[in-house]
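[1] Sequence first, predicted model second:
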Amino acid sequence: MGGVEKVFTLAQVSEHNNPKDCWLVINGKVYDVTNFLEDHPGGDEVLLSATGKDATDDFEDVGHSDNARDMMAQYYVGEIDVSTIPEKIKYKPPNQPQYNQDKTSEFIIKLLQFLVPLAILGLAIGVHQYTKSS
């Protein structure tokens, strides 16, 4: 490969998203993996589901071998214009009132201080009624 490398936008790469024409973006590089679909150990669906986006995380999460990484060179077609890849949005949990373990245990203690004497009283009345009728 000599000369100027081809630079693609994500929109251009996204057009190649079917079994007859499949391109992926991995680590800022664009790969035409169409001829590899049938040979991919994980099946073609794995590759097809990674089209139209930055598939770097998908690729890295699997833990590909050095041999698999070396094979990628033969499918290389150019670079991705990183400014066309949307930023990843980090998950931000919704704001919730702070859970206070101390107040919860205080509530349980107060509840038990009320219920235990009631249970003892109920038991005492039950025993009294039982012994009175015998």
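    All right, it came through fine.

[2] residue closest to the middle of this protein?
    Y91 (9.9 Å; C-alpha atoms, centre = their mean).

[3] What values do phi and psi take at it?
    Torsion angles at Y91 (phi, psi; degrees, to the nearest 10) stand at phi -70, psi 130.

[4] From Y130, how far out is G122?
    The gap separating G122 from Y130 is 12 Å, by C-beta to C-beta, to the nearest Å. C-beta coordinates here come from the backbone N, C-alpha and C atoms, glycine included.

[5] just A119 next, same as before
    16 Å.

[6] next one: G42
    71 Å.

[7] Now do the helices in this structure.
    Secondary structure of the chain by DSSP state H: the helices cover 10-14, 44-48, 56-62, 66-71, 101-133.

[8] I'd like to know which of the ones you listed is closest to E79.
    Nearest of these to E79, taken as C-beta to C-beta: helix 10-14 at 10.5 Å.

[9] Mind giving me the packing neighbours of that closest one?
    Applying 3 or more C-beta pairs under 8 Å, 6 or more residues apart in numbering; DSSP states H and E, one finds that helix 10-14 contacts strand 21-26.

[10] which helices and strands does the strand it packs on pack with?
    Partner elements for strand 21-26 (3+ C-beta pairs under 8 Å, 6+ apart): helix 10-14, strand 29-32, helix 44-48, helix 56-62.

[11] Done for today, thanks.
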